[in-house]
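**Q** can you look at this prediction? I've put the sequence above it.
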Amino acid sequence: MSITETLALVLALGLGTWALLTGPRRFGAGLTAALAALAYLLSLAPLLWLALGGLAAGLWAVVRWSNRPAWLDGPAHKARDWNRWREITQWLLVGAIALAGAQYAVNVWQLDSGVPSVARPDVVDAFLPIAALIQLKALLTLGLWDSHHPAGLVMLLVAVGLSFTVKRAFCGWGCPLGWLGEQLYQLRRRLWHWDWRTRLAQAPQWLERGVTGVAWLSDWALRLVKYGLLAWLANLVLGGMPAMMVARYLDGAYHKAADLKMWALFTQPSTGMLLGMAAVLALAAMRRNGVCRYLCPYGALMAIAGVLSPYKVRRNTALCLREGRGMACDKCHRACPSRIRVEQVLTVHSDECHSCQRCVAACPAKGALAVSLPRHRLPLSPRLMTVILVLFLFLVPLMVHTAGLWQSDTTGQLRWMLWQQLDRLPMF
């Protein structure tokens, strides 16, 4: 595991430890100690876990005996904590990807001079979605585990597993591209605050209804694009490639250099590629969650998996200001990046829900909105959501790495040879 991956892992597990320790006192410290002891007994990176054990003890001492910040002493899991914990998690993941990207750039740059001295971070395989789907077919049909870009398949399975648990939480809490789109959208709003709905509200009622109807139909049709892209990719990989062709492809030079091909695609873009990237960036800036909503096939896959998630945003009508006090409150709807009418449903089943919990954070009535199991059982707290994300996105890869199934076995010498012949590599 490379230096940047190890650093990200330590920071993430430290964050998860802190989330547990500062959670409800009745289980936080005990659960943290039990998990650390179990991991150590299973020999999952013993030195790392010993270091984390020392970190946990130090954090617990701070929590128990020092003068803590005032925000740690308030009622457990205030609604506004959602935004703080989500931002911390997003910045951690974005920083980890940025560091890994910088290390990978140095690794590729050194390929021009020979075998790199800087290690290649395996986590970059997560940006090879087509390769990951091919690997998945090989695993399901042939029982074959690809050893050249295994981290790509691991991260695909991790993201889907996370979606089965807490809907599209990876999109709302972890995706660096989704984070970048949100930053572009907020920057555009600061520079040019234009909202067609505000302008339309000043128009005649018949015109407002007509434009709103056309916009709704257009939005519905465009949302199908990402599912079309997912269906095309699934048919291409799962239906269009016979099993033996999959085995040949995974053993070929083209697949071994898949990450280098992707690097060349973005660092030496064609005119069409530049125009496409500009269009995607413009969509992200003009429409909040625009790329996630219309174009991302990964998002479509996680939306499908999220249908089976037991944890969903649920509204308690007894506590909601609309039914409880007859107020026309719609703060949850206005806070939702996907503009879901949260205030009109009991359970949010929408495939566009990213489980970002902005609606929960915006709700003025305590307990009226929560992400929970059916019948409002076992609601999640911001800290527990963070622990779930750390578990899926960091702890599972650590376990896979310990089992020897994370790191690529493509040698530096072979990668140098592939780099020299990158434009002449055969597909099979």
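**A** Looks like it arrived, so ask away.

**Q** ok, residue 247 to residue 400 distance?
**A** Remark: distance between residue 247 and residue 400 (Cβ to Cβ, to the nearest Å) = 22 Å. Using the backbone N, CA and C atoms, a C-beta is placed for each residue, glycine as well.

**Q** okay, these two: which has more neighbours?
**A** Taking residue 247 and residue 400 together and counting by other Cβ atoms under 10 Å, residue 400 has the greater number of neighbours (19 against 16).

**Q** that one against residue 407, yeah?
**A** No - using Cβ atoms under 8 Å, residue 400 is not in contact with residue 407, being 9.6 Å away.

**Q** common neighbours of the two, please.
**A** In the contact map built from Cβ atoms under 8 Å, 6 or more residues apart in numbering, the residues linked to both residue 400 and residue 407 are residue 150.

**Q** let me see the mean pLDDT of stretch 415-426.
**A** Throughout stretch 415-426, pLDDT has a mean value of 90.

**Q** now do stretch 123-136
**A** 91.

**Q** what's the end-to-end length of that stretch?
**A** The first and final residues of stretch 123-136 sit 17 Å from each other (Cα to Cα, to the nearest Å).

**Q** can you give the distance of that stretch from its chain's centre?
**A** Centroid separation for stretch 123-136 versus its chain: 15 Å, with Cα atoms, centre = their mean, to the nearest Å.

**Q** ok, residues contacting that stretch?
**A** For stretch 123-136, the external contacting residues (Cβ under 8 Å, 6+ apart) are 5, 96-97, 100-101, 104, 145-146, 149-153, 155-157, 233-234, 236-238, 241, 246, 249-250, 255, 258-259, 262, 297-298, 397, 408.

**Q** what comes up buried for that stretch?
**A** Residues of stretch 123-136 classed as buried under the neighbour-count rule (16 or more other Cβ atoms under 10 Å) are 123-129, 131-136.

**Q** show me which of the residues you listed is closest to residue 186.
**A** The nearest member of the buried residues of stretch 123-136 to residue 186, counting by Cβ to Cβ, is residue 127 at 24.1 Å.

**Q** from residue 152, how far out is the closest one?
**A** Between residue 127 and residue 152 the computed distance is 8 Å (Cβ to Cβ).

**Q** how about residue 420, what does it touch?
**A** By Cβ under 8 Å, 6+ apart, no residues touch residue 420.

**Q** 10 Å instead, please
**A** 111, 112 (Cβ atoms under 10 Å, 6 or more residues apart in numbering).

**Q** just the buried members of the contacts of stretch 123-136?
**A** Buried residues within the contacts of stretch 123-136, defined by neighbour count using 16+ other Cβ under 10 Å: 5, 96-97, 100-101, 104, 146, 149-153, 155-157, 233, 237, 241, 246, 249-250, 255, 258-259, 262, 297-298, 397, 408.

**Q** in helices, which of those residues fall?
**A** Counting by DSSP state H, the members of the buried ones among the contacts of stretch 123-136 that fall within helices are 5, 96-97, 100-101, 104, 150-153, 155-157, 233, 246, 249-250, 255, 258-259, 262, 297-298, 397.

**Q** just the element for residue 136, please.
**A** Here residue 136 is covered by helix 129-142, with elements defined by DSSP states H and E.

**Q** quick one: the strands in this structure, in order.
**A** Remark: strands of the chain, listed N- to C-terminal, are 312-315, 369-372; assignment by DSSP state E.

**Q** in the first one, what counts as buried?
**A** It stands for strand 312-315. By 16+ other Cβ under 10 Å, the buried positions in strand 312-315 come out as 312, 313, 314, 315.

**Q** check which helices and strands that strand is in contact with.
**A** helix 358-362, strand 369-372 (3 or more Cβ pairs under 10 Å, 6 or more residues apart in numbering; DSSP states H and E).

**Q** got a markdown table for the ones you listed, with distance to residue 348 too?
**A** What follows is the helices and strands packed on strand 312-315, written out as a markdown table (distance: least, Cβ to Cβ, whole Å):
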| stretch | distance to residue 348 |
| --- | --- |
| helix 358-362 | 8 |
| strand 369-372 | 9 |
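
**Q** relative to residue 17, which of the ones you listed is closest?
**A** Among the helices and strands packed on strand 312-315, strand 369-372 comes nearest to residue 17, with 22.4 Å by Cβ to Cβ.

**Q** mind checking how far the closest one is from the chain centre?
**A** Remark: strand 369-372 is offset 20 Å from the chain centroid, using Cα atoms, centre = their mean.

**Q** helices or strands up against it?
**A** In terms of contacts (3+ Cβ pairs under 10 Å, 6+ apart), strand 369-372 is packed against strand 312-315, helix 358-362, helix 382-390.

**Q** ok, 8 Å please
**A** strand 312-315, helix 358-362 (3 or more Cβ pairs under 8 Å, 6 or more residues apart in numbering; DSSP states H and E).

**Q** mind giving me the packing neighbours of the longest one?
**A** This means helix 358-362. helix 81-111, helix 331-335, strand 369-372.

**Q** for that helix, what is the average pLDDT?
**A** For helix 358-362, mean pLDDT is 92.

**Q** same check on the shortest one?
**A** When pLDDT is averaged along strand 312-315, the result is 94.

**Q** and it, how far out from the chain middle?
**A** Taking the mean C-alpha point of strand 312-315 and that of its whole chain, the gap between them comes to 20 Å (Cα atoms, centre = their mean).

**Q** can I get the CA coordinates of it in CSV?
**A** Listed next in CSV are the C-alpha coordinates belonging to strand 312-315 (Å, rounded to 0.1, in the frame of the first residue of the first chain):
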residue,chain,number,x,y,z
LYS,A,312,-34.2,5.9,4.1
VAL,A,313,-35.2,9.4,5.1
ARG,A,314,-38.5,9.1,6.9
ARG,A,315,-40.9,11.9,8.0
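
**Q** show me the domain layout of the chain.
**A** By the assignment in automatic domain parsing, the chain contains the domains 85-305+382-424, 312-376.

**Q** need the ones you listed in CSV with distance to residue 10, can you?
**A** As requested, these are exported to CSV (distance: least, Cβ to Cβ, whole Å):
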stretch, distance to residue 10
domain 85-305+382-424, 9
domain 312-376, 26
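
**Q** what is the neighbour count of the residue lying closest to residue 100 once chain neighbours are set aside?
**A** Spatially, and ignoring its direct neighbours in sequence, residue 100 is nearest to residue 121 (4.2 Å; Cβ to Cβ, 6 or more residues apart in numbering). Residues within reach of residue 121, counting by other Cβ under 10 Å, total 24.
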